[in-house]
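Asks: heads up, no residue letters with this:
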């Protein structure tokens with residue numbers, strides 16, 4: 001079970017390696033045959049249904065762009081992956097451990113849900129990107145790269161406009177959450 005944790009990984013390669021290794025687990029153990037476990041995942045969907053969710057999406061993408069260039073990052077968004085990436089990684093594992101004779105995992109069920117307004121992750125992410133520390137990090141990481149700094153500022157400015165359009169930070173909500181269940 002993976003609940004809002006895949007974005008903490010340092011790279012999509014790390015996520016792919018973990019999920020592929022999980023899919024490749026043998027059905028046999030020292031105790032004999034065992035059923036292959038289901039894989040359950042809930043992660044941000046990188047999609048919105050409501051205008052109040054737009055700032056969270058913009059903040060997540062902007063933060064992800066910054067952290068993808070920061071090798072020392074410990075931020076909670078380092079690799080924003082989509083539901084499509086997750087599904088293809090599980091259904092088409094790249095692990096050399098995966099046997100062509102093993103049953104493949106397939107998506108059994110998926111749903112995209114709108115989080116309740118009291119889930120404050122969206123506001124936290126928006127606040128962290130609008131914080132002056134974020135601007136200093138952009139300057140440090142992209143020092144000398146005017147185009148990258150301008151692109152990061154554009155993302156931050158778009159976020160700021162979206163927040164103002166909602167009347168402030170309190171009007172922001174978390175983006176959609178994707179839930180998937182995989183089994184053999």
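Replies: That came through, no problem. What you see is a predicted model, and the numbers here were worked out from it, not measured in a lab. Numbers count the residues shown, from 1 in each chain.
Asks: Which elements pack onto the lengthiest helix in the chain?
Replies: The longest helix of the chain (DSSP state H) is helix 146-165. If contacts are counted by 3 or more CB pairs under 8 Å, 6 or more residues apart in numbering; DSSP states H and E, helix 146-165 sits against helix 54-67, helix 121-130, helix 132-141. All C-beta spots, glycine's among them, are computed from the backbone N, C-alpha and C.
Asks: Nearest approach to residue 104 belongs to which of the ones you listed?
Replies: helix 54-67 (29.6 Å; CB to CB).
Asks: sec struct for the residue nearest to the spatial centre of the chain, please.
Replies: With distances taken as CA atoms, centre = their mean, residue 80 lies nearest the centre of the chain, 3.4 Å away. Following DSSP: H, G, I helix; E, B strand; the rest coil, we place residue 80 in the coil state.
Asks: Tell me how far it lies from residue 176.
Replies: From residue 80 across to residue 176, the span is 13 Å (CB to CB, to the nearest Å).
Asks: For these two, list the residues in contact with both.
Replies: residue 44 (CB atoms under 8 Å, 6 or more residues apart in numbering).
Asks: still on that earlier bit, which residues are in contact with the residue nearest to the centre of the chain?
Replies: 7, 44, 46, 60, 61, 64.
Asks: let's go with 7 Å and repeat that
Replies: 7, 46, 60, 61, 64 (CB atoms under 7 Å, 6 or more residues apart in numbering).
Asks: The fourth one: neighbour count?
Replies: Other residues near residue 61 number 16, with proximity taken as other CB atoms under 10 Å.
Asks: Check the gap between it and residue 166 for me.
Replies: 17 Å.
Asks: likewise the second one?
Replies: Applying CB to CB, the value for residue 46 to residue 166 is 19 Å.
Asks: before we move on, what about the third one?
Replies: In this structure, residue 60 lies at 16 Å from residue 166, with CB to CB as the measure.
Asks: Could you check which of the two has the larger neighbour count?
Replies: Neighbour count, other CB under 10 Å: between residue 60 and residue 166, residue 60 has more, with 24 against 18.
Asks: what about the helix or strand hosting residue 87, distance to the chain center?
Replies: Element membership for residue 87, per DSSP states H and E: helix 83-91. Centre-to-centre, helix 83-91 and its host chain are 12 Å apart (CA atoms, centre = their mean, to the nearest Å).
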